[in-house]
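S.K.: Sequence below, structure please.
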Amino acid sequence: MQKILIDENLSPSLESMAHKRGFQCSHVNHLGMTGHKDWELKTTILEGDWTFITNNSIDFRGPADKPGSSGEYADVSLHAGLVCINASGGLSLALQRQLFEIILNDLEENGDLTNQVLEVVLERSGEVQATRLKMPEI
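M.R.: Residues are numbered from 1 along each chain as shown. As a prediction, this is how the structure comes out:
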């Protein structure tokens, strides 16, 4: 069973959406890690074999054009996956729920994200692009 961990910058209410779909899921706040720095979360994410969902994309995967070149996952050779939500203009709760549904659909349809990053981009037009990339590149 794939385990999902949601970053504190996203709503804890997303957790129940995942549970209803059969995923094991938690939120950083529910692990007692509210306010922890990204590098402090990294150990918990990797040791817990969590697929991590964040909208702090650059902090975790580095720049979009060179994923894995910097950020917390730059030196990680094996991980359960990273989901980066990129939305200019902010994320209302309604938008978070919409994008999280797309993420859960992708995980159900395409399987786990071992050594991959799922980039979910909300364009200004309202169109959503979801793309899987290998990270690290082999």
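S.K.: drop to CA atoms for contacts and neighbour counts, all remaining ones
M.R.: OK.
S.K.: Mind checking which residue lies nearest the centre of this structure?
M.R.: The residue lying closest to the centre of the chain (CA atoms, centre = their mean) is residue 53, at 1.9 Å.
S.K.: what residues does the helix or strand hosting that one touch?
M.R.: Using DSSP states H and E, residue 53 maps to strand 50-54. The contact list for strand 50-54 (CA atoms under 8 Å, 6 or more residues apart in numbering) reads 2-7, 9-10, 45, 79-85, 113.
S.K.: before we move on, back to that, tell me the bridge partners for the residue nearest to the centre of the chain.
M.R.: Beta-bridge partners of residue 53, counted by DSSP bridges, are residue 6, residue 83.
S.K.: Pull up the gap between it and residue 2, please.
M.R.: To residue 2, residue 53 is 13 Å away according to CA to CA, to the nearest Å.
S.K.: Export stretch 63-71 to CSV, keeping only CA atoms.
M.R.: Extracted in CSV, the C-alpha atoms of stretch 63-71 (Å, rounded to 0.1, in the frame of the first residue of the first chain):
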residue,chain,number,x,y,z
PRO,A,63,14.5,23.8,-10.4
ALA,A,64,11.8,22.4,-12.7
ASP,A,65,14.2,22.2,-15.7
LYS,A,66,16.7,20.2,-13.7
PRO,A,67,14.8,18.1,-11.2
GLY,A,68,17.1,16.5,-8.6
SER,A,69,20.0,18.9,-9.3
SER,A,70,19.4,20.7,-6.0
GLY,A,71,16.9,20.6,-3.2
